[in-house]
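Novice: here is my input; please provide its structure:
(chains A and B)
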Number of protein chains: 2
Amino acid sequence: MKENGWIERISLSIRPPSLEDNRGDLDRLLFSIRPIVGDCKIDMPLDLISKIPNFLRSYHYKTDILYFKDDNILKIIDLFPAGFNLPLYGIAIDLGTSNIALSLIDIVKGKEIYFQNILNPQIKVGPDILSRIHFAEDNRKLAELQEMVIDAINREIEDMIHKIGIKREHLVGMSVAGNTTMSHLFLSLDPHWICREPYIPCANRFPILRAKELGIFINQNAPVFIFPNVGSYLGGDIISGIFSLGLEGSERLFCFIDVGTNAEIVIGSREWMIGCAGAAGPALEGGVGNIGMMAGKGVIDRISYDANEDRFKIHLIGEGSPKGLCGSAMIDLISELFLYGFLDERGRFVKERCKERLEYREDEIRFFILRPGEFYSLNEGLYITQAEVDSLIRSKAAMYTILRTITKMLDIDFNDIHRFYIAGSFGSYMNPRSAINIGMLPDIPIERFKVCGNTSLEGAKRLFFERDGIRRIYSIRDNITYVELNVNQEFMNLFSGAKFLPHTDISLFPSVKKRLSSVLR
Amino acid sequence: MKENGWIERISLSIRPPSLEDNRGDLDRLLFSIRPIVGDCKIDMPLDLISKIPNFLRSYHYKTDILYFKDDNILKIIDLFPAGFNLPLYGIAIDLGTSNIALSLIDIVKGKEIYFQNILNPQIKVGPDILSRIHFAEDNRKLAELQEMVIDAINREIEDMIHKIGIKREHLVGMSVAGNTTMSHLFLSLDPHWICREPYIPCANRFPILRAKELGIFINQNAPVFIFPNVGSYLGGDIISGIFSLGLEGSERLFCFIDVGTNAEIVIGSREWMIGCAGAAGPALEGGVGNIGMMAGKGVIDRISYDANEDRFKIHLIGEGSPKGLCGSAMIDLISELFLYGFLDERGRFVKERCKERLEYREDEIRFFILRPGEFYSLNEGLYITQAEVDSLIRSKAAMYTILRTITKMLDIDFNDIHRFYIAGSFGSYMNPRSAINIGMLPDIPIERFKVCGNTSLEGAKRLFFERDGIRRIYSIRDNITYVELNVNQEFMNLFSGAKFLPHTDISLFPSVKKRLSSVLR
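Specialist: Residues are numbered from 1 along each chain as shown, chains lettered A, B, ... in the order given. You can find the predicted model right below:
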């Protein structure tokens, strides 16, 4: 038995009743647990209590008991016959604004056995957090948003159960990491004040619920743990990321960056942590015009310019025709366009350089990455518009400005930071060099960047492998001081300069300056 | 504010949020409770959490919080605007096998304001506990029994709400005292093993549930406290009775007797308590043939024989034609029939003495208490059959034998017992002298008997007036040693003698012997 996460199991052998020992079955069972778990309150759901008498008599008073600890309360999940090779599973979820990632964990064998990534169906009411909050204004619609997500999760679980052939009641726990708004909508908690000054969430720490309370079709008494938030714009996904990397124990200064529609940042070490967030726009999560899309089959994730052949080389996820660019390729593209002189410092296309790649329409300016017919089966070609470039530049400017603001506030230099962890759903593909070139990340030695992928999902998974996980998660939460940037004047001042490529103050990006001078423009 | 029971209230003034203090609304609220309630876990239902943000902003961050304590967990019931003259109510229920008594308590003013007694609708599947347990064999039917009771309670609550004009959400707590089987059925807990050796209930101590978990239509987060049992045949109604009288603190030996279909007895003092129970049959709860009925309008509750006029004098509850006799009148009747020679020591009608009052039918022997036409509008007269007499004699014999068995086991004399408390739904009308005459209660000085009425309901009510009530109730439960009489050989031996009037050994009833010799038979 390898399970060592937040779901615990004990095997009990209980003294059968007799005329001399006529305690009730529940009382008898609890009495047997006591010496093992100590003096904590035990919470046994009513439906389990009702199950006990026949269960004990059927299995000769031997039982495996599954439970989890909620502070000093031991909460029973289920009783299973003892001594069988019981399969037990947990579900870890990264609840993103755009994507929901689900991972099925075999908690006995201690490994992930299935993974699925689906669109967050709430997207149909709006792509970003704000549109969802506005939609949720009336209670019926708030419940509707919750239903969308729960239904989608239930469908995926249904699918898993059939594909892998497991029993629903063996799904005994769920961990959910999402940003503050997503967590609120998951629980149907009023998000109204999240986006209004002074930006107060309904709750930062949520109760651990039972699956039945949320209408999730796994073992009905399975606990659903929702990662706590630090604040309205620093959510459980970030806590989960830090937990997954163990950063709260870091001896040297780290900077954790989650890049998405919001850029969320935590800087610190085991001594202290400061967190902040700012809107970065949807550009990095595939929400830009026609070209930007989420990573997936047929999407370009890396791109480079071959000056000799005057040709963009693309790397496609899967096969087929390229449909668009995900965030990492967008950053590559802007970097190449800038380095090779297609874009100027203000992010405008340079007519003389772009030549026939540029097409002026009534409503937009198109730059052809792939000319019509250049890539087989892509008759229309592949282009990015000026508006799309502008949008990405605003996003990268926001990212850098947040980093700049918070380090200035802390009076530290970027070089003082030992390691930058880049997280976020698109983070696994991102090239930090490209991000430096466009002035999105600070110009420090490239080896200090660590691209980590979906750390929010990783943290949710890790809870199933770490006995003391919940306590650690809350302690991470409590140790992060949240700084509100939404109203920060310094941020506004710094933002203007960051809207240039890489920055109005090129001395901040010495390596880019050097590279620019060496590249044939 | 007078509320001092298990439902507690505090008034909070909470610091409004600001950019400098951006804690979540829930976290902010809990922070304000902390200094007042100390270091215990606080449990706030999800629907209340969702209510907090708008509530706090609407009421200027001032709120009254209603909660109860479940061990070391503080459980929130609701938030109300502070400073209003808030009416708050609790419902106390005696959940009897035959009757359900409901009391509405104004917990602010500290008094009962409404009372209702209804039939337990489960009667339609059978009059006694055994028939209910057999009916509940399959889970669907178990749920059906639960539904019957919950529906009946909901209907009464609906009625109260309209009659008295109160708001449903101001009904903030419920306490329920019933015997072990009734409590199990109330919670839909499997009662199968209660009536099978070695007589083990599913649970003796129940979780405190929220109204919504049971489908009870009061404030949805109102707690429902169910009195714990000592064993399968010593239930929460008895614990409630002892709690209502404060007997667990008694310096001198007491004997608490609940007379119903089962006779339940607790003997003890503040040093120790012993409890036991035995089947007494339905005779004392109105379940005998045609004549026996529950106390109510048109039912005779006292009866005596006037030897001079050769006439039975009756006392009727309410007005109208007498429909039958309740338990207390049955005991009076048998006592008078025996004292005046209509019944012999074996409980047989004496033909020569009864004369024309006796009527031999093919299938039964009838003794006319009121001859046809003797009482206006009662053309058929009022009679008791030999079978009904036999049934009552078995009940009284069981009662006495239980008392005899337990005192012998404890090696004490009836005279060592300072006070006998007679409880049970019919207990409020019972004449202990009559009970002694027929050999149901021991022959000790009459002033030692205290007839207490429905102490089960009283205990349920008291919880709303006693802050420390729950702890006291559990401590009473834990301090009672339960003795199983269902398999007691001594009981069987003693039972035969007790089936006589008053007993085969008349020396046990010296006062009855004396009375017999003074009465004109």
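
Novice: number of nearby residues for residue A:380?
Specialist: Residues lying near residue A:380 (other C-beta atoms under 10 Å in any protein chain shown) number 10. For every residue, glycine as well, the C-beta is placed using N, CA and C.

Novice: that one belongs to a helix?
Specialist: No: counting by DSSP: H, G, I helix; E, B strand; the rest coil, residue A:380 is not part of a helix but coil.

Novice: number of residues surrounding the residue nearest to residue A:270 when sequence neighbours are not counted?
Specialist: Excluding the flanking residues, the one nearest residue A:270 by C-beta to C-beta, 6 or more residues apart in numbering or on different chains is residue A:249, at 5.2 Å. As a burial measure, residue A:249 scores 10 neighbours (other C-beta under 10 Å).

Novice: pretty sure residue A:249 contacts residue A:273?
Specialist: No: between residue A:249 and residue A:273 there is no contact under C-beta atoms under 8 Å: 11.3 Å.

Novice: quick one, longest helix in chain A?
Specialist: Ranked by number of residues, the top helix in chain A under DSSP state H is helix A:386-410.

Novice: neighbouring contacts of the following helix or strand past it?
Specialist: As assigned by DSSP states H and E, the chain's next helix or strand after helix A:386-410 is strand A:419-423. For strand A:419-423, the surrounding residues in contact (C-beta atoms under 8 Å, 6 or more residues apart in numbering or on different chains) are A:241, A:245, A:247, A:252, A:254-259, A:430, A:432, A:441, A:444, A:448-456.

Novice: please enumerate the strands of the stretch 151-300 of chain A.
Specialist: Listed in chain order, the strands of the stretch 151-300 of chain A (DSSP state E, counting those that start in this stretch) span A:171-178, A:209-210, A:223-226, A:254-259, A:262-268, A:273-279, A:299-306.

Novice: output the ones you listed as TSV; include the columns distance to chain B and mean pLDDT.
Specialist: Listed next are the strands of the stretch 151-300 of chain A as TSV, based on distance: least, C-beta to the nearest C-beta, whole Å; pLDDT from 0 to 100:
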stretch	distance to chain B	mean pLDDT
strand A:171-178	14	98
strand A:209-210	7	98
strand A:223-226	11	98
strand A:254-259	19	93
strand A:262-268	15	91
strand A:273-279	12	88
strand A:299-306	37	93
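
Novice: pLDDT below threshold where in the stretch 401-521 of chain A?
Specialist: A:425-428, A:486, A:520-521 (pLDDT under 70).

Novice: find the closest residue to chain B in it.
Specialist: Relative to chain B, the nearest point of the stretch 401-521 of chain A is residue A:484 (5.5 Å; C-beta to the nearest C-beta).

Novice: for that residue, what are its contacts?
Specialist: Residue A:484 touches A:198, A:199, A:231, A:276, B:19, B:22, counting by C-beta under 8 Å, 6+ apart.

Novice: my read: the second one touches residue A:230, true?
Specialist: The reference is to residue A:199. No: using C-beta under 8 Å, residue A:199 is not in contact with residue A:230, being 11.8 Å away.

Novice: between the two, who's got more neighbours?
Specialist: residue A:230 (29 against 20).

Novice: okay, that one: pLDDT?
Specialist: Here, the pLDDT recorded for residue A:230 equals 95.

Novice: ditto for residue A:333
Specialist: Value for residue A:333, per-residue pLDDT: 96.

Novice: likewise for residue A:287?
Specialist: On the pLDDT scale, residue A:287 gets 61.

Novice: so which strand or helix has the nearest residue in space to residue A:357 that is not next to it in sequence?
Specialist: Leaving aside its sequence neighbours, residue A:357 sits nearest to residue A:368 (C-beta to C-beta, 6+ apart; 4.8 Å). Secondary structure from DSSP H and E places residue A:368 in strand A:365-370.

Novice: residues contacting the residue nearest to residue A:357?
Specialist: Contacts of residue A:368 (C-beta under 8 Å, 6+ apart): A:357, A:358, A:359, A:381, A:382, A:383.

Novice: try it again with 10 Å
Specialist: Shown in contact with residue A:368 (C-beta atoms under 10 Å, 6 or more residues apart in numbering or on different chains): A:312, A:354, A:356, A:357, A:358, A:359, A:374, A:380, A:381, A:382, A:383, A:384.

Novice: do residue A:516 as well
Specialist: A:338, A:339, A:340, A:341, A:345, A:437, A:501, A:502, A:506, A:509.

Novice: can you confirm it is in a helix?
Specialist: Yes: counting by three-state DSSP, residue A:516 falls inside a helix.

Novice: ok, back up a step: now do the strand holding residue A:368 and helix A:386-410, the angle between them.
Specialist: 90 degrees (axes from the mean of the first three to the mean of the last three C-alpha atoms, to 10 degrees).

Novice: then strand A:365-370 to PDB, C-alphas only?
Specialist: Taking Å, rounded to 0.1, in the frame of the first residue of the first chain, the C-alpha atoms of strand A:365-370 are listed here in PDB:
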ATOM      1  CA  ILE A 365      -2.900  45.300 -41.600                       C
ATOM      2  CA  ARG A 366      -1.900  41.700 -42.300                       C
ATOM      3  CA  PHE A 367       1.600  40.300 -42.100                       C
ATOM      4  CA  PHE A 368       2.000  37.000 -43.800                       C
ATOM      5  CA  ILE A 369       4.100  34.500 -41.900                       C
ATOM      6  CA  LEU A 370       3.300  31.900 -44.400                       C
END
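
Novice: parallel or antiparallel, list what pairs with that strand.
Specialist: strand A:358-360 (antiparallel), strand A:382-385 (antiparallel) (DSSP bridges).

Novice: any idea which element the residue nearest to the spatial centre of chain A lies in?
Specialist: Taking C-alpha atoms, centre = their mean, the centroid of chain A lies closest to residue A:456, which sits 3.8 Å from it. Element membership of residue A:456 [criterion: DSSP H and E] is helix A:455-462.

Novice: report the buried residues of the following helix or strand past that helix.
Specialist: Heading C-terminal from helix A:455-462, the first helix or strand you meet, by DSSP H and E, is helix A:469-479. By 16 or more other C-beta atoms under 10 Å in any protein chain shown, the buried positions in helix A:469-479 come out as A:469, A:470, A:472, A:473, A:476, A:477, A:479.

Novice: and helix A:469-479, what does it pack onto?
Specialist: Identification of packing neighbours for helix A:469-479 by 3 or more C-beta pairs under 10 Å, 6 or more residues apart in numbering or on different chains; DSSP states H and E yields strand A:62-70, strand A:171-178, strand A:223-226, helix A:236-245, strand A:273-279, helix A:455-462.

Novice: in CSV, list those along with distance to residue B:280.
Specialist: Below are the helices and strands packed on helix A:469-479 laid out as CSV (distance: least, C-beta to C-beta, whole Å):
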stretch, distance to residue B:280
strand A:62-70, 38
strand A:171-178, 47
strand A:223-226, 47
helix A:236-245, 60
strand A:273-279, 70
helix A:455-462, 60
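
Novice: for residue B:162, find the nearest of these.
Specialist: strand A:223-226 (39.4 Å; C-beta to C-beta).

Novice: partners of that closest one, with directions?
Specialist: Partners of strand A:223-226, by DSSP bridges, with direction: strand A:171-178 (parallel), strand A:209-210 (antiparallel).

Novice: residues in contact with residue A:198?
Specialist: Contacts of residue A:198 by C-beta under 10 Å, 6+ apart are A:232, A:484, A:486, A:487, B:16, B:17, B:18, B:19, B:20, B:21, B:22.

Novice: 7 Å - rerun?
Specialist: Applying C-beta atoms under 7 Å, 6 or more residues apart in numbering or on different chains to residue A:198 gives the contacts B:17, B:18, B:19, B:22.

Novice: what does residue A:503 give?
Specialist: A:439, A:497, A:509.

Novice: of the residues you listed - the most surrounded one?
Specialist: Within these, most neighbours by other C-beta under 10 Å means residue A:439, with 30 neighbours.

Novice: quick check: that one touching residue A:511?
Specialist: No: Residue A:439 is beyond contact range of residue A:511, at 11.3 Å (criterion: C-beta atoms under 7 Å).

Novice: picking up where we left off before, can you say which of the strands of the stretch 151-300 of chain A is packed in most?
Specialist: Ranked by mean neighbour count, the strands of the stretch 151-300 of chain A are led by strand A:171-178 with a mean of 28 (mean count of other C-beta atoms under 10 Å in any protein chain shown).
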